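In: this one's structure only:
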């Protein structure tokens, strides 16, 4: 009974989560951000620059994977629970006879959904504009980076959503993680590749279009299992934490 | 609130003796046994014990007394640091299945602003797994008197309307236990009376209802039984009227400024309701046990003495001082 009720609750909570995430001003901001790779594609095309590798590295990797993806993911991932904890509406979900894993699953699906939609669409449109005329290689590179966005969305959102259950500063910590760990450190220390969501994403992208080895350090067969393990561990941790959810108290 | 066995014909309490007189008492719906909760060095609730069955009970106390902490422990959102908290015989902490039988109205005002009132209640009904969620939601909306506004987004609601939408969402699954944190906040007097009637009606149908309030008068109409909390402890519990009498019959000090304090003092001294008067720089201090008697007395006394009143201030009327008095008793 509890199980069926919990499964039935998932689409309802996803729906509420989508309305919460998309009803906010941040969505407009993120739409503008998602437009940046598209804008660059238009510029490249206007300059008649027909270089698949150049656009892939200079725009799709450097802008879409490195900036757009983690920023969209950290904002939606931390807001999925963060906003509800902040205003107290989380109680309307938790004071229900449904398992907490179902609440985590629903919040995750909602946040992953909007993150994927925005980031994959950005790459698709940008790729079609700049690399559409470049034949099969251009199409392969576009597919590769769409896959990177997909894997990255699942990975980043899982981590940031879980983080938001452990600290109220999830957004700040998430941004520092993206900029310091993924940005600076992983370029300096190649070993970090095994612990970098960005590298998991690029590793999976390698299956569709071969990247330079210093850009994508992992093979698809290593990157995909690591990404899956990361998501599972993060979500189990989130459900564990939500089961122990306590209201901030002491002030009456 | 304590369970007593009826006396036999000799007036002695009947004791369970032998299998033929085996008495089984129903387990209380709500039970706290020496429950405490602290945060680091701050004690929010200290050694509180009570048990409640069907009926409406008011949890009364000034802000910061620990009412919300007690309600959150009962709702399973705070584990007691010591002692036991049971709802319907189970620990509500870390057991979401208990919410099939519990309705919770939290103090925080926020409700999903983009949902209409009806959609919000229906959302609650569906998460409860009700098969007749639409009908149950409309019934709940009707019970809180929100039919006219049910198709409007909650974002456009007044505070009192939001409060009623929250209550409708909490009772849509007809819970055995209803916990409400300051439910009358933001309601106008008419809405307040309607809500009190609703709670009384649910209690008559065998539900256990516990609501918190920091306003004495709010309890008056619903709560026959009240629990008074002060500074994390249970200061008093029992019949509302008895506790109310204790609160109003305590000594009051009233400070008066008038055109002639000395003359007014002499005129007041003769009445038995007045314990003492004192002339000071701030004016005339009067001590009395009965505020209502004093109110009538002062008007007559000033008139007969030909004294004009500039100011009459009751010095210790804050709820905190009332509770404080109860604790010291």
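Out: On my side now, so go ahead. Computed from a prediction, not measured in an experiment: that's the story for all the values here.

In: now the strands for the stretch 51-200 of chain B?
Out: Ranges of strands in the stretch 51-200 of chain B, per DSSP state E, counting those that start in this stretch, are B:55-60, B:82-87, B:102-105, B:177-180.

In: out of those strands, which gets nearest to chain A?
Out: Judged by CB to the nearest CB, the one of the strands of the stretch 51-200 of chain B that comes nearest to chain A is strand B:102-105, at 4.5 Å. C-beta here means a position set from N, CA and C on the backbone, and glycine is covered the same way.

In: about what we covered before: in terms of mean pLDDT, which of the strands of the stretch 51-200 of chain B ranks lowest?
Out: Mean pLDDT is lowest for strand B:55-60 among the strands of the stretch 51-200 of chain B, at a mean of 91.

In: same for that strand, what does it pack against?
Out: helix B:67-74, helix B:189-204, strand B:208-213, helix B:216-222, strand B:225-230 (3 or more CB pairs under 8 Å, 6 or more residues apart in numbering or on different chains; DSSP states H and E).

In: return the most buried member of the ones you listed.
Out: Of all those, helix B:67-74 carries the top mean neighbour count, a mean of 28, counting by mean count of other CB atoms under 10 Å in any protein chain shown.

In: which neighbouring elements make contact with it?
Out: Counting by 3+ CB pairs under 8 Å, 6+ apart, helix B:67-74 packs on strand B:30-39, strand B:42-52, strand B:55-60, strand B:82-87, strand B:177-180, strand B:208-213.

In: count of neighbours near the residue in the stretch 1-150 of chain A positioned nearest to chain B?
Out: Nearest residue of the stretch 1-150 of chain A to chain B, counting by CB to the nearest CB: residue A:88, 3.3 Å away. For residue A:88, the neighbour count with other CB atoms under 10 Å in any protein chain shown is 16.

In: same check on the one 5 residues further on?
Out: Residue A:93 is flanked by 24 other residues according to other CB under 10 Å.

In: could you pull out the helices for the stretch 151-252 of chain A?
Out: Per DSSP state H, counting those that start in this stretch, the stretch 151-252 of chain A carries helices over the ranges A:170-176, A:186-188, A:197-205, A:220-243.

In: of all residues in the chain, which one is nearest the centre?
Out: In the absence of a named chain, chain A is used. Centroid-nearest residue in chain A, with CA atoms, centre = their mean: residue A:153, separated by 2.5 Å.

In: wait, chain B
Out: Mean-position check on chain B, CA atoms, centre = their mean. Result residue B:58 at 3.1 Å.

In: that one bridge partners, please.
Out: Judged by DSSP bridges, the bridge partners of residue B:58 are residue B:211, residue B:226.

In: wait, what's in contact with it?
Out: B:211-213, B:218-219, B:222-223, B:225-227, B:240 (CB atoms under 8 Å, 6 or more residues apart in numbering or on different chains).

In: any chance of those in TSV, with pLDDT too?
Out: Shown next, in TSV, are the contacts of residue B:58 (pLDDT from 0 to 100):
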residue	pLDDT
B:211	94
B:212	93
B:213	87
B:218	71
B:219	73
B:222	67
B:223	60
B:225	85
B:226	88
B:227	91
B:240	76
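
In: per-residue pLDDT, residue A:130?
Out: 84.

In: just residue B:6 next, same as before
Out: 35.

In: ditto for residue B:328
Out: In this prediction residue B:328 is given a pLDDT of 61.

In: no further queries at this time; thank you.
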